[in-house]
Structures are given as C-alpha cells and as structure tokens.
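> sequence first, predicted model second:
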Amino acid sequence: MPRSFLRPLVLSTGVISKITEAIAEVTVSVGGRRATGRGSMYLSDLWAWPDKAYSHEKRDAALRKLCNRIVAELPAMCGGKAAHPLELGMQLHESVCHGKTPPVLARAMCASPFDMALHDAAGLALGRSAFSFYNTPVPLPSADRYFQRGDACRAIGQIIRRPRRELRAWYIVGRNDSLDEDMAPWIRDRGYRCFKIKLLGRDNNDDVGRTVEVYRAVKRLGVKNPEIIVDSNEANPDAASVKDYFTRLEAADPQAFAALGYFEQPTARDIIANPFDWHRIAAVKPVLLDEGLTSLRLMKEAVKQGWSGFALKTCKGHSFALVAAAWAKRRGMPVSLQDLTNPGYALIHAALFAAHVPVINGVELNSPQFTPAANAAWLPRLQPLFAPTDGLHRLPKEIPPGLGSTM
C-alpha cells in the first residue's frame, strides 16, 4: 500500500517522502485451532538499502517482489514443519537473509511483517499474548546456539515483564525542521519531552550547533528536563569523530551534553569491514548498534569492539529482536527500541514490545508525525496510543491475545 509523508524525513542518506506499507496475513493451526494474524512494516528502502545505483522506484519494486516471494514460499522458509513461533520466525529470518541484492537489512525488513503475523496468529489461536510463549522453557535450536547454556527460551522469559501501560514518546527532529513551527505544537499540544535529533555526521561544528539549538529551543518552549538522543544514520567517518562530537558538545553546552542519552549507529553498518574500538568512547556516552546488527552472529563482535548495546527495531523481525534483547540483557547491555515510522499494526506491535521488554527509552513511534493518515483506522479508538498526551503513549487496560492486531 503506498503511503505519502506529511512532510519529508531528512536522513544523512537522503530524503523520504513516499513509501510502501507491506501488510501480511498468516494463518496457523495450533492443536486444531486455526487463526489468522496480521503484521505490517514500511519497506523503507532508503534506510535498509541506501544504494545510489538504484532509484527509489527500482528498490521499492525489488522489495515488493521479495515480499511476494515470501508469500509463495512461507511454509518452506519457516522450516516446513510445526515448531515454536520463535523457531519459525528465526528460520524465516535465516531463509530470507541470503543474497546481495537486496542487502541483508532490506531482506530482514521484508520478512518482519510475516514474523509478526505468525506470532499474532499463534497467540490468537491459543487465546494468549505472544509474549507468554516463554513461560515454559522449550528447545529453540535456531536461537539456543547463541546462548552459552543453550537456553534461549528461558533467557527470553527472564526479560519479559508485566506490560507497562505508559511509554515515553519521542519526537523526531529532522535537519530542516523549523523548531518553532514544526516542533513547538507537539510540545504545546502533546507534551513531548523526548527528542531524537537527526545529524548529518559530516561536520561536528554543525552537528554540535544543531544539537545545542534543539536543546535550547525545547527548554525555551517549556520542557523542564528534556531527554535527547542523536542519530547520524552511519554518516560519521570513524569513532574519533564521535569522541570529538562529545567533547565539543560538552564544551558548547554542558546541560545539552548531560541530557544526551546515547548516540545511535554513528558509523557504517558493516562492523566487520569497518571495525572501531568504542570502549573509551562508550565510557563517555552509550553508543548503540542499529543498522550494523544484521545477524545474531555479530553480537559477540559488537561486544569485542566495545559497542554499549543494541538499538533494536521490530523491522528486523519479532523473533530476532527478542533473541537479541535477551542476549544483551544477560550481559548487562542496554537495549532501546527505535522506529521505522511504524504505522497501524506495526505501531501496536512496537508499543507492545517496548511494554514487555526492558528498553531504556520508552518507545519511538513516529508515524503520527510523518504518516498520520496510515493510522486513521485505529482512531479514535486507540487515541491514547496513537496520539500521545503528556509526552506518553498509553496502551489500553485490556490487551487482547496475539500481538495486538485485534486491538
């Protein structure tokens, strides 16, 4: 389904103004009970596949084609036999994430709405939340190999908590946004107090100036204790440039520096081809791996390089995100939950994930900011979730089975 952005989202890699929403339906049978689950995800080619050799139209067509292939081959891609939903989801991830074009991150993104729909369907069939599948430990071969004791199910079960109903909301500050015209209404009308600043990563004087400008603007607009994070979408050339950014920011405005929670994926996503030593830098402020976490096999390498933790996204797959979160938590590493402008089903899924998993940032849900029309079917019924007030997304008191497709 085509979606147009209310206003362009400017990244270091380019500008997003239109996008395709992939909506998946998966039917499962559990103990003779059948149910159909749903999931969705934006096919964000500029984020997952920022290759200038291909136009947006060609990348979008290739991603649609891959989604259609998954539709045709889903049972085989999930292993071809009955298994725990997470095992099916991990097998799907491994089946899809091979090949060079589209690259691995784009492939995982295409598989993610099917993984979500599969879990949603299993929960609906059982009349249970999909987050309750880990109460009784069972073998999960595709995930167990990443845990020293071979107990992925137990590790996931240990991090699942009673869901929080209120989650801190984040406003995305693009490079060209007017702070008074674009941002001010969200602070005044919806009480936002958490801000993610998109940096260009090319000139630290410019990036520090923008960070300070945003911080001082939100203070001027009445936010007493703002929280900020920054994201250059891999545009920084190296780790030294991040250290320099931290040093310059602290010198320019110590309060803005103190308000900075973490830096999200500052350098190139291929951490094998572009390794950096983050240990000393991460001791100043956390540096979280996002686009670079394309395989669970890279988790140990991330620790070796000194990355602080993981910026998780549900667009890499529900199963993948749960395994990565459990693995990180066993090592005392922080995890956050970032966004891909998730609309509708995907927004609900991300909110439920953040409600059940101990993430450090609340939840980033920016489709209300960029593609509000995609959420129309859920309003006003889920107004407190889709249109936050007092800077908080609020889940309903009663959460239905599955992953929220029936909310």
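Structure's in. What do you need?

> any idea how far residue 181 lies from residue 138?
Summarising the geometry, the distance separating residue 181 from residue 138, computed by Cβ to Cβ, to the nearest Å, is 53 Å. No exception for glycine: its C-beta is placed from N, CA and C like everyone else's.

> which one of the two has more residues nearby?
Neighbours were tallied for residue 181 and for residue 138 using other Cβ atoms under 10 Å; the higher tally belongs to residue 138 (15 against 8).

> wait, that one touches residue 153, no?
Yes - Residue 138 is in contact with residue 153 according to Cβ atoms under 8 Å; the separation is 5.3 Å.

> common neighbours of those two, please.
Between them, residue 138 and residue 153 share the neighbouring residues residue 84, with contact defined by Cβ atoms under 8 Å, 6 or more residues apart in numbering.

> now do the helices in the stretch 51-200 of the chain.
If DSSP state H, counting those that start in this stretch is used as the criterion, the helices of the stretch 51-200 of the chain fall at 56-77, 85-96, 104-126, 141-144, 152-159, 184-190.

> list the buried residues in the last one.
When burial is assessed from 16 or more other Cβ atoms under 10 Å, helix 184-190 yields the following buried residues: 184, 186-187, 190.

> TSV please, covering these and showing pLDDT and distance to residue 57.
As requested, the buried residues of helix 184-190 are exported to TSV (pLDDT from 0 to 100; distance: Cβ to Cβ, whole Å):
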residue	pLDDT	distance to residue 57
184	95	35
186	96	32
187	97	37
190	96	35
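
> all strands for the protein, in order.
Secondary structure of the chain by DSSP state E: the strands cover 2-11, 14-30, 33-42, 166-168, 170-173, 194-198, 227-231, 260-264, 287-289, 309-312, 335-337, 392-394.

> kindly export the second one (C-alpha atoms) in PDB.
Once side chains and other backbone atoms are set aside, the C-alpha atoms of strand 14-30 remain, and they are given as PDB (Å, rounded to 0.1, in the frame of the first residue of the first chain):
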ATOM      1  CA  GLY A  14      18.700  11.300   1.600                       C
ATOM      2  CA  VAL A  15      15.000  12.300   1.900                       C
ATOM      3  CA  ILE A  16      12.000  10.000   2.400                       C
ATOM      4  CA  SER A  17       8.700  11.400   1.000                       C
ATOM      5  CA  LYS A  18       6.900   8.300  -0.100                       C
ATOM      6  CA  ILE A  19       7.000   4.700   1.000                       C
ATOM      7  CA  THR A  20       5.200   1.300   0.600                       C
ATOM      8  CA  GLU A  21       3.500  -0.400   3.500                       C
ATOM      9  CA  ALA A  22       3.600  -4.200   3.400                       C
ATOM     10  CA  ILE A  23       0.700  -5.800   5.200                       C
ATOM     11  CA  ALA A  24       0.900  -9.600   5.800                       C
ATOM     12  CA  GLU A  25      -1.700 -12.100   6.900                       C
ATOM     13  CA  VAL A  26      -0.600 -15.500   8.100                       C
ATOM     14  CA  THR A  27      -2.900 -18.400   9.100                       C
ATOM     15  CA  VAL A  28      -1.700 -21.100  11.600                       C
ATOM     16  CA  SER A  29      -3.100 -24.100  13.200                       C
ATOM     17  CA  VAL A  30      -2.300 -24.900  16.800                       C
END
